[in-house]
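Enquirer: Whatever this is, show me its structure:
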Amino acid sequence: MSPVIPLRLLLALSMTLPAACATAAPAPAAATDPVAENMLLLQTPSGGWSKHYQGRKVDYARTYDDGERSALRAPDRHDDATIDNKATTSEIVALAEAHARTGNPAYLDGARRGVEYLLRAQYPNGGWPQFHPDLSSYRHQITLNDDAMVRVIGLLQDVATAEGALAALPAELRARAAAAAARGIDSLLALQVKIDGQPTIWAAQYDETTLQPARARAYELPSLAVAESVGVLRLLMRQPQPDARTVAAIESGARWLEAHRLPDLALEHIDAPHEETGKDVRLVSKPGASLWARFYDLERQQPLVANREGQVVAFAELPNERRTGYGWYGTWPAKLLAEELPRWRKVHASAPAAAPR
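Expert: Here you go, the predicted model:
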């Protein structure tokens, strides 16, 4: 005889069985962004990014085939991560912004790994090499060239203050980023070149041990670098509460730039069918105009131009390819001196610092 099950129990069982038997619904797949996906694919094992892929500038918009994807994921892949040409800093911001748009946690983790890379790459003295972990050739030098170190410090300060999409990064990174950025600022202040005891501006790269200006490519001799110094000054001027040392560095750097302006001079770009590039550039007189050389020598503090063999030559004596293919002269400090510095002085009630004795 079958047992009799009370009606109340049958009703209870009928209500619990569907829930017990049903399988859990799969979590919805995270939204993806094709550019961000490629950034994750090309992120190196160290957490940074290269500026090149297969000898060309990285293109995150292209499609990578199965063979390329396999090679990029190989454990023995060469790690050529760098902070040169905006590499690594740009990807960190882009991935954080992709996470803000999609909510995909992989993008935020990629950005986090990028910040960790920057923190590991910093030297104890506060500077950053151009590449890490590959320190071959001049890659080991503290690099201000093309604003590399300046961009790193600016990004870390944005991480520390939780700016924009970077606010989603783990809170524990903020204090570490702030400390690294502070060491970086101290390093920049220490690297301001002094000649005969007088502060000038900054070099493009430095020996990481002696902290002396160093050579990079053969035609990039140890020198004072105007374009990079403008980037350093802008970073220092962005500091919300600059101390006396920072103010002095800004004022002395700006004073040097003003003193080394090349007045009534301009660049003229012309067609030159007889030249190998089909074009040319020359210095011409132009009343009211101003130029600065990109590099100034470390002794006379005069414009410095060198050929691919590292020989110092006059600008007009450079091979056509070098004369047209590199920014030897420009107007980099013009806006900073005319507009940005006066605004900064008003905000910080800063009068021009007295010349050091």
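Enquirer: contacting residues around residue 258?
Expert: For residue 258, the contact set (Cβ atoms under 8 Å, 6 or more residues apart in numbering) comprises residue 337. Heads up, the C-betas are built off the backbone N, CA and C, glycines and all.
Enquirer: Contact partners for the nearest residue to residue 158 once chain neighbours are set aside?
Expert: Excluding its sequence neighbours, the residue lying closest to residue 158 (Cβ to Cβ, 6 or more residues apart in numbering) is residue 166, at 5.4 Å. By Cβ under 8 Å, 6+ apart, the contact set of residue 166 is 92, 93, 96, 111, 158, 159.
Enquirer: three-state assignment of residue 166?
Expert: What DSSP: H, G, I helix; E, B strand; the rest coil gives for residue 166 is helix.
Enquirer: tell me the contacts of the closest residue to residue 348 other than its chain neighbours?
Expert: Distances taken as Cβ to Cβ, 6+ apart put residue 242 closest to residue 348, at 6.5 Å, once the chain neighbours are dropped. Residue 242 sits next to 236, 250, 348 when contact means Cβ under 8 Å, 6+ apart.
Enquirer: Now find how far off-centre stretch 220-240 is within its chain.
Expert: Relative to its parent chain, stretch 220-240 has a centroid offset of 13 Å by Cα atoms, centre = their mean, to the nearest Å.
Enquirer: Greatest separation within the contacts of residue 166: which pair is it?
Expert: 111 and 158 (11.7 Å; Cβ to Cβ).
Enquirer: rewinding a little: what is the nearest of the contacts of residue 242 to residue 142?
Expert: Using Cβ to Cβ, residue 236 comes nearest to residue 142 of the contacts of residue 242, at 16.5 Å.
Enquirer: dump the residue contacts of the closest one.
Expert: Residues in contact with residue 236 (Cβ under 8 Å, 6+ apart) are 185, 188, 242, 246, 249, 250.
Enquirer: Leaving out chain neighbours, which residue sits closest to residue 289?
Expert: Using Cβ to Cβ, 6+ apart, the nearest residue to residue 289 is residue 266, at 4.2 Å.
Enquirer: cool, and residue 98?
Expert: residue 36 (3.7 Å).
Enquirer: Neighbour count: residue 111 and residue 158, which is higher?
Expert: residue 111 (29 against 20; other Cβ atoms under 10 Å).
Enquirer: Model confidence score at that one, please.
Expert: Residue 111 carries a pLDDT score of 98 in this model.
Enquirer: Residue 19 now?
Expert: Looking at residue 19, its pLDDT stands at 45.
Enquirer: domain assignment for the protein?
Expert: 32-191, 196-349 (automatic domain parsing).
Enquirer: Highest mean neighbour count out of these?
Expert: Neighbour counts (mean count of other Cβ atoms under 10 Å) averaged over each of these peak at domain 32-191, with a mean of 18.
Enquirer: before we move on, the earlier item: can you add pLDDT and distance to residue 175 and give the contacts of residue 236 back as JSON lines?
Expert: Below are the contacts of residue 236 laid out as JSON lines (pLDDT from 0 to 100; distance: Cβ to Cβ, whole Å):
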{"residue": "185", "pLDDT": "98", "distance to residue 175": "16"}
{"residue": "188", "pLDDT": "98", "distance to residue 175": "21"}
{"residue": "242", "pLDDT": "96", "distance to residue 175": "21"}
{"residue": "246", "pLDDT": "97", "distance to residue 175": "21"}
{"residue": "249", "pLDDT": "98", "distance to residue 175": "25"}
{"residue": "250", "pLDDT": "98", "distance to residue 175": "27"}
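Enquirer: Let me know the closest of the residues you listed to residue 200.
Expert: Minimum distance to residue 200 across these is 10.7 Å, recorded for residue 249 (Cβ to Cβ).
Enquirer: how far is the helix or strand containing that closest one from where the chain is centred?
Expert: Following DSSP states H and E, the helix or strand that holds residue 249 is helix 244-259. How far helix 244-259 lies from its chain's middle: 23 Å, per Cα atoms, centre = their mean.
Enquirer: Stretch 318-330 now?
Expert: In this view, stretch 318-330 has its centroid 24 Å away from the chain centroid, taken as Cα atoms, centre = their mean.
Enquirer: Narrow the contacts of residue 166 to those in strands?
Expert: Of the positions in the contacts of residue 166, not one sits in strands, assigned by DSSP state E.
Enquirer: Please flag which of those sit within helices.
Expert: When these are checked against helices (DSSP state H), the matches are 92, 93, 96, 111, 158, 159.
Enquirer: As JSON lines, these with distance to residue 195 would be great.
Expert: Compiled in JSON lines, the ones in helices among the contacts of residue 166 are given as follows (distance: Cβ to Cβ, whole Å):
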{"residue": "92", "distance to residue 195": "36"}
{"residue": "93", "distance to residue 195": "37"}
{"residue": "96", "distance to residue 195": "41"}
{"residue": "111", "distance to residue 195": "41"}
{"residue": "158", "distance to residue 195": "34"}
{"residue": "159", "distance to residue 195": "35"}
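Enquirer: Tell me who's in contact with the residue nearest to residue 98.
Expert: Contacts of residue 36 were listed using Cβ under 8 Å, 6+ apart, and they are 94, 95, 98, 102, 104, 107, 110.
Enquirer: Start from the N-terminal end of the stretch 101-250 of the chain and give the helices.
Expert: 105-121, 148-160, 172-191, 226-237, 244-259 (DSSP state H, counting those that start in this stretch).
Enquirer: need those in a markdown table with distance to residue 316, can you?
Expert: Output for the helices of the stretch 101-250 of the chain, formatted as a markdown table (distance: least, Cβ to Cβ, whole Å):
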| stretch | distance to residue 316 |
| --- | --- |
| helix 105-121 | 41 |
| helix 148-160 | 31 |
| helix 172-191 | 32 |
| helix 226-237 | 20 |
| helix 244-259 | 25 |
